[in-house]
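Asker: Sequence and computational prediction follow.
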Amino acid sequence: MIEHGYTVSGMSCGHCAQSVTEELTALPGVTEVDVDVPTGRVVVRAGAALAEDDVRSAVEEAGYTYEGVVSLVP
């Protein structure tokens, strides 16, 4: 399992998180999505590496702004 971290802006509520989760979960290999609305941090767990363009497209399809990759190292 590979964890990917991203920053998404424009989210303000649980419905926003649900929309982003649904779009990202539809990507091949994605098994889990965790969205932290206040920070805009999105963690995606997948069986393989994800193409950044695919993630960007999914976030934009949900109606939000993809800001980029974020490190998951504490």
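Answerer: Arrived safely, thanks for sending.
Asker: what ranges do the helices span in the protein?
Answerer: Under the criterion DSSP state H, the chain carries helices at the ranges 14-25, 52-62.
Asker: Counting by contacts, list what the last one packs against.
Answerer: Read that as helix 52-62. Helices and strands touching helix 52-62, by 3 or more Cβ pairs under 8 Å, 6 or more residues apart in numbering; DSSP states H and E, are strand 2-9, helix 14-25, strand 65-69. Where C-beta positions appear, they are placed from N, C-alpha and C, glycine not excepted.
Asker: next one: the longest one
Answerer: For helix 14-25, the packing partners by 3+ Cβ pairs under 8 Å, 6+ apart come out as strand 30-36, strand 41-46, helix 52-62.
Asker: now that helix against strand 2-9, angle please.
Answerer: 140 degrees (axes from the mean of the first three to the mean of the last three Cα atoms, to 10 degrees).
Asker: Now tell me what touches helix 14-25 from outside.
Answerer: Contact partners of helix 14-25, identified using Cβ atoms under 8 Å, 6 or more residues apart in numbering, comprise 8, 10-11, 30, 33, 35, 37, 42, 44, 55, 58-59, 61-64.
Asker: Show me which of the residues you listed are buried.
Answerer: The neighbour-count test (16 or more other Cβ atoms under 10 Å) marks 8, 11, 30, 33, 35, 37, 42, 44, 55, 58-59, 62, 64 as buried among those.
Asker: give the contact list for the most centrally placed residue in the chain.
Answerer: Per Cα atoms, centre = their mean, the C-alpha nearest to the average position across the chain is that of V42, at 4.5 Å. Residues in contact with V42 (Cβ under 8 Å, 6+ apart) are G5, Y6, T7, V8, V20, L24, V33, D34, V35, D36, V59.
Asker: contacting residues for V30?
Answerer: L24, V44, R45, A46, L50.
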